[in-house]
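# Here's my sequence, what's the structure:
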Amino acid sequence: FLEVCGGSLNQLCLNNVRDVGQDTAISLAKSCKRLRYLDLSWCRKLTEEELARILNCCSSLESLKLYGWTHVEDEFLEKLSRTQVRISGLKMTSVFAHLDDTYQSIDAKF
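This is a model prediction of the structure:
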């Protein structure tokens with residue numbers, strides 16, 4: 001499906017589709033260059049590497065939903081936070097935890 005129709009898709013919801021994995025990631029990266037909104041919530045077979053491939057190849061992507069992704073490492077979360085894509089559904093508190101300490105030291109200078 002993605003190989004045939006992916007070029008014209010700008011929105012795709014794969015929320016809770018159990019078979020979404022490596023093959024889907026490859027197809028998305030190869031065929032869905034115009035994709036702007038993508039929901040991969042609860043797609044537990046996808047890895048960080050496959051998600052990175054999608055993000056690198058789908059340059060038009062504006063919004064990505066990742067609810068239910070609890071298997072993401074802090075280092076990868078930090079990389080995600082630097083992208084221009086609006087990401088929702090991930091608990092990113094560990095990425096920004098250092099900001100509280102930074103603000104305290106800034107306040108002390110004034």
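
# center of this protein, which residue is that?
residue 64 (5.2 Å; Cα atoms, centre = their mean).

# For the helix or strand where residue 50 lies, list every residue counted as buried.
For residue 50, the host element (DSSP states H and E) is helix 48-57. For helix 48-57, burial by neighbour count (16 or more other Cβ atoms under 10 Å) applies to 48, 50, 51, 52, 53, 54, 55, 57. No exception for glycine: its C-beta is placed from N, CA and C like everyone else's.

# Report the next helix or strand after it in sequence order.
strand 63-65.

# Partner strands of that next one and their direction?
Sheet pairing for strand 63-65, assigned by DSSP bridges, gives strand 37-39 (parallel), strand 86-88 (parallel).

# For that strand, give me every contacting residue.
Contact partners of strand 63-65, identified using Cβ atoms under 8 Å, 6 or more residues apart in numbering, comprise 15, 36-41, 55, 85-89.

# Reformat those as JSON lines; add distance to residue 25 and pLDDT.
JSON lines is the format used below for the contacts of strand 63-65 (distance: Cβ to Cβ, whole Å; pLDDT from 0 to 100):
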{"residue": "15", "distance to residue 25": "16", "pLDDT": "96"}
{"residue": "36", "distance to residue 25": "18", "pLDDT": "96"}
{"residue": "37", "distance to residue 25": "17", "pLDDT": "97"}
{"residue": "38", "distance to residue 25": "11", "pLDDT": "96"}
{"residue": "39", "distance to residue 25": "14", "pLDDT": "97"}
{"residue": "40", "distance to residue 25": "9", "pLDDT": "95"}
{"residue": "41", "distance to residue 25": "15", "pLDDT": "95"}
{"residue": "55", "distance to residue 25": "10", "pLDDT": "91"}
{"residue": "85", "distance to residue 25": "15", "pLDDT": "89"}
{"residue": "86", "distance to residue 25": "20", "pLDDT": "91"}
{"residue": "87", "distance to residue 25": "16", "pLDDT": "88"}
{"residue": "88", "distance to residue 25": "19", "pLDDT": "89"}
{"residue": "89", "distance to residue 25": "17", "pLDDT": "88"}
